[in-house]
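Novice: Next comes the sequence, and after it the predicted model I'd like to discuss.
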Amino acid sequence: QVQLVESGGGLVQAGGSLNLSCTASGRTVSRYAVGWFRQAPGKAREFLTVVNWSGGSTEYADSVKGRFTISRDNAKNTVNLQLNSLKPEDTAVYYCAAHSSGYWNNRDPLRYDYWGQGTQVTVSS
């Protein structure tokens, strides 16, 4: 079992930045690829980015490419998401999730085994 806890969300003005953290406990998160998703009210959960077990490979959704950066520190059991140039449409609950399926860059939330409880990000215009 892996327990994931997100932190770092909050209220920020458009153009601002936030740094989200996903801290794992239980089994070491280094066994898993870790992704970030978000969900806005009335919308489906949206894939944002994923990092492989070592941190050496990453993928991003087009909507956040160039603005968001994922990184991981396996020694600290954490995965971070740096959010820059935030827009009002980035407002959502942000979730981290972990999976150990065959393809590390899986974008399907149904393939993820463990989820955090989410952290709210609100971007004002």
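Specialist: Looks like it arrived, so ask away.
Novice: center of the protein, which residue is that?
Specialist: Central residue of the chain (CA atoms, centre = their mean): Trp36, 2.2 Å from the mean position.
Novice: and the closest residue to that residue other than its chain neighbours, how far is that from Pro41?
Specialist: Distance criterion CB to CB, 6 or more residues apart in numbering; nearest residue to Trp36, sequence neighbours excluded, is Leu48 at 4.5 Å. In this view, the C-beta of every residue, glycine as well, is placed from N, C-alpha and C. Separation of Leu48 from Pro41 (CB to CB, to the nearest Å): 17 Å.
Novice: And the two? Which one has more around it.
Specialist: Counted by other CB atoms under 10 Å, Leu48 and Pro41 do not tie: Leu48 has more neighbours, with 25 against 7.
Novice: That one reaches Tyr60, doesn't it?
Specialist: Yes: Leu48 is within contact range of Tyr60, at 7.1 Å (criterion: CB atoms under 8 Å).
Novice: List the residues that are in contact with both of the two.
Specialist: Common neighbours of Leu48 and Tyr60, using CB atoms under 8 Å, 6 or more residues apart in numbering, are Phe68.
Novice: mind listing the strands for the protein?
Specialist: For the chain, applying DSSP state E gives strands covering 2-7, 10-13, 18-26, 33-39, 46-51, 58-60, 68-73, 78-83, 92-99, 114-115, 119-124.
Novice: In TSV: these, plus distance to Asn105.
Specialist: Output for the strands of the chain, formatted as TSV (distance: least, CB to CB, whole Å):
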stretch	distance to Asn105
strand 2-7	19
strand 10-13	28
strand 18-26	17
strand 33-39	7
strand 46-51	5
strand 58-60	5
strand 68-73	12
strand 78-83	15
strand 92-99	10
strand 114-115	17
strand 119-124	23
